[in-house]
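Novice: 3D model of this:
(2 chains)
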Amino acid sequence: MYATSYHRASSVDEAVNLRSSHDEGRYLSGGMTLIATMKQRLAAPSDLIDLRHIAALKGITVDGHTVRIGGATPHADVASSAAVRAVCPAICELAAMIGDPHVRHMGTIGGSIANNDPAADYPAAMLALAATIITDRREIPAEEFFTGLFETALEEGELVTAVSFEAPEKAGYAKFRNPASRYAITGVFVAKAAGGVRVAVTGAGSNGVFRAETIEAALAADWSPESPKAASIDPADLMSDMHASAEYRANLVRVMAKRAVIAAG
Amino acid sequence: MTKVTLTVNGRAMSGECDDRTLLVHFIREKLGLTGTHVGCDTTQCGACVVHLDGRSVKSCSILAVQAAGSTVTTIEGIAGQGELHPVQAAFNTHHGLQCGFCTPGMVMTAVDMIARHGGDLDEHTVRHELDGNICRCTGYHNIVKAVLAANEEMQGAARQAAE
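Specialist: Residues are numbered from 1 along each chain as shown, chains lettered A, B, ... in the order given. Have a look, this model is predicted:
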């Protein structure tokens, strides 16, 4: 790892100020991607601004069907939240499938979505739940937040403080995971709400997380595990790598959608 | 250099290190507690698992400065006076190790797992919870047996204490 300077912020304002005074600095949340990347010398931030000690960034509130999760809330806390489970168990199940127990104790929802790894789990949930990403300066709809591979709408120094969403009538997540990394080779989150059906796919798209409109239409017509089977998914838009070809991923999108509907019940 | 002070196995300890020093290296090299191992260096194997403020973490993926002011428990800190922790005893009884390199991480993971599940553990859950720990002797079968036996033992002790 290259040399770096560590700063511990105790408030959102302090973190944002620290970040703005260090051009080559980075926010450090759980660090489950950033520290590993720094160890490989693929990232070399001059300064790290630690967010783990900012109380305002932590915690979960459920008000009726509105769920708000602080940006520095670890995956393990989402997975074990009885309040969230009562209104949207799918997000708890998703959190419980990220990495391994030790990673879930450190990794955070804000870090996951700000990094926008094309195989990360949370982006699919945020997009399918039509979540709002709350930052230190504005609110961004998930639809506009995830803009490409490791790319988001976040401006330089902008900090994700929380996410919020309305719990849908039904939701489910299914992932075909890479057995070594636990990342999604393909993961599908389905949500059925008053506003319609939304289906988001992670791990497969060549431009990151995306909505599968063909499956949405099929499930809107008939909410059944068999509905995604006939939906057309174009492999031309999907990733191909040593783990799975684009054609295989196209099939996995349909199969994971089926399993997600079964999980949603 | 930054001075890092933290409570390790119940004792306040401190040492000087670079901000980039990983917690596992700080524990091993500055504090001299070499029970915590570095296995893979890529955050996958779990040989470096310690408890940070009561939760299992991979100490190779955390900076020592991040842990400053926190409470850390390492494999050296779980046994009682002259007596193995029930998880350590179960690994011994059930031969839950071959070369032993992964064992500190496995034991720390098992202690955390049993605490979180409050005794409600089955083989499937144990195997799922061991996702972050790799044994290259592939001795998982006996490790799972040891964790389940330790869980039984600890629940029995808890029941007795309650009665």
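Novice: going forward, measure contacts between C-alpha atoms and count neighbours the same way
Specialist: Will do.
Novice: need the residues of chain B near chain A, please.
Specialist: B:18-20, B:42-44, B:49, B:55-58, B:61-62, B:65-66, B:129-132 (C-alpha under 8 Å from any C-alpha of the partner chain).
Novice: which residues sit against stretch A:149-158?
Specialist: For stretch A:149-158, contacts defined as C-alpha atoms under 8 Å, 6 or more residues apart in numbering or on different chains pick out A:16, A:19-20, A:114-118, A:135-137, A:144-147, A:206-208.
Novice: Kindly give a single ChimeraX line that selects the buried subset of the residues you listed.
Specialist: In ChimeraX syntax, the buried subset of the contacts of stretch A:149-158 is picked out as below (16 or more other C-alpha atoms under 10 Å in any protein chain shown):
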select /A:16,19,114,115,116,117,118,135,145,146,147,206,207,208
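Novice: From the contacts of stretch A:149-158, which land in strands?
Specialist: Taking DSSP state E as the definition of strands, the contacts of stretch A:149-158 contribute A:Thr135, A:Phe146, A:Thr147.
Novice: In the helix or strand bottoming out on mean pLDDT in chain B, which residues are buried?
Specialist: Least confident helix or strand, chain B: helix B:140-162 with a mean of 91, by mean pLDDT, DSSP states H and E. Using 16+ other C-alpha under 10 Å as the burial criterion, the residues of helix B:140-162 that qualify are B:140, B:142-155.
Novice: what's the most distant pair in those residues?
Specialist: Farthest apart among the buried residues of helix B:140-162 by C-alpha to C-alpha are B:Tyr140 and B:Gln155. That separation is 22.3 Å.
Novice: Retrieve the pLDDT associated with residue 112.
Specialist: Went with chain A since none was named. Looking at A:Ser112, its pLDDT stands at 98.
Novice: other chain: chain B
Specialist: At B:Asp112, the predicted lDDT confidence score is 97.
Novice: Mind listing residues that contact the lengthiest helix in chain A?
Specialist: Longest helix in chain A, counting residues (DSSP state H): helix A:246-264. The contact list for helix A:246-264 (C-alpha under 8 Å, 6+ apart) reads A:90, A:170-176, A:185-190, A:199, A:201, A:204, A:215, A:223-229, A:231, A:233-236, A:238-240.
Novice: What number of residues are in the vicinity of the closest residue to A:Ala125 other than its chain neighbours?
Specialist: Leaving aside its sequence neighbours, A:Ala125 sits nearest to A:Phe189 (C-alpha to C-alpha, 6 or more residues apart in numbering or on different chains; 5.8 Å). Number of residues near A:Phe189 (other C-alpha atoms under 10 Å in any protein chain shown) recorded here: 33.
Novice: Pick out the residue of chain A closest to chain B.
Specialist: Nearest to chain B, among the residues of chain A, is A:His102, at 4.4 Å (C-alpha to the nearest C-alpha).
Novice: and that residue, how many neighbours?
Specialist: Neighbourhood size, A:His102 [other C-alpha under 10 Å]: 27.
Novice: What of A:Val62?
Specialist: A:Val62 sits with 17 neighbouring residues when counted by other C-alpha under 10 Å.
Novice: residues contacting the spatially most central residue of chain B?
Specialist: Ranked by distance to the mean C-alpha position of chain B (C-alpha atoms, centre = their mean), the top residue is B:Met108 at 2.0 Å. Counting by C-alpha under 8 Å, 6+ apart, B:Met108 touches B:Val49, B:Val50, B:His51, B:Ser56, B:Thr74, B:Ile75.
Novice: now swap in A:Ser245 and tell me
Specialist: If you count contacts by C-alpha under 8 Å, 6+ apart, A:Ser245 has them with A:Met239.
Novice: and with 10 Å instead?
Specialist: Listed by C-alpha atoms under 10 Å, 6 or more residues apart in numbering or on different chains, the contact set of A:Ser245 reads A:Ala204, A:Pro235, A:Leu238, A:Met239.
Novice: How about residue 51: what's its closest non-neighbour residue?
Specialist: I'll assume chain A. Take A:Leu51 and drop its neighbours on the chain: the residue closest to it by C-alpha to C-alpha, 6+ apart is A:Ser29, 5.2 Å away.
Novice: try chain B instead
Specialist: Of all residues not flanking B:His51 in the chain, B:Thr73 sits nearest, at 5.0 Å (C-alpha to C-alpha, 6+ apart).
Novice: Tell me where the chain has helices.
Specialist: I'll assume chain A. With DSSP H as the criterion, chain A has helices at A:12-20, A:34-39, A:75-79, A:82-87, A:89-96, A:101-106, A:109-115, A:122-128, A:142-145, A:213-221, A:246-264.
Novice: switch to chain B, that's the one I care about
Specialist: With DSSP H as the criterion, chain B has helices spanning B:23-25, B:86-93, B:103-117, B:123-129, B:140-162.
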